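sequence below, structure please.
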Amino acid sequence: MTVPLATRQGCVMVVDDREDIRDTLREAIEMAGCESLGAANGVEALALLEKYRPCLIVLDLVMPVMSGQEVLAELRARPELAEVPVVVSTSAPHLAPQGVPVLPKPIALDALWSWIRRTCRCAERISSSE
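As a prediction, this is how the structure comes out:
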């Protein structure tokens, strides 16, 4: 029997190998009223995606273990994950694959809120003045 997938419509996944960045973004997301998930690399992120479907993935490109580019390729190769919205966060925007939206580091919270408003139900809680 297949276990139903827990869809977390108000949940943003932050995938970044730097704990300080990951924790800061998660804290900001949660202060805005949304839930968050965190992963330190692509392998952890894919494991979490076996259980949860976030409304948005904020994905660092340059990580050990499994790069953001490899994660993107894996997401697009799996039909059940291909439609999960992804925005990459990077200090090297030129490394972003063509057609993938970019949040340049350091991430401006208003740009993050804009992406959350576009993709997440929790966006109702984020003031348009932020």
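
for the residue nearest to the spatial centre of the chain, what are phi and psi?
In the chain, the centroid-proximal residue (C-alpha atoms, centre = their mean) is I57; its distance is 1.8 Å. Recorded main-chain torsions at I57 are phi -120, psi 120, according to degrees, to the nearest 10.

how about R22?
Backbone torsions of R22, given as degrees, to the nearest 10, read phi -60, psi -50.

settle this for me: it is touching A28, isn't it.
No: with contact defined as C-beta atoms under 8 Å, R22 does not count as touching A28 (11.1 Å). Every C-beta, even on glycine, is put in place using the N, C-alpha and C of the backbone.

which residues in the protein form helices?
When assigned using DSSP state H, the helices of the chain occupy the ranges 19-31, 42-48, 68-77, 109-119.

now this structure, which segments are flagged as low pLDDT?
1-10, 123-130 (pLDDT under 70).

name all residues that make contact with the residue nearest to D60 when sequence neighbours are not counted.
Once flanking residues are discounted, D60 sits nearest to D16: 4.1 Å by C-beta to C-beta, 6 or more residues apart in numbering. Neighbouring residues of D16 by C-beta atoms under 8 Å, 6 or more residues apart in numbering: R22, L25, G38, A40, V58, D60, M63, S89.

which one of those has the most neighbours?
When neighbours are counted by other C-beta atoms under 10 Å, V58 leads these with 27 neighbours.

sweet, I'm off.
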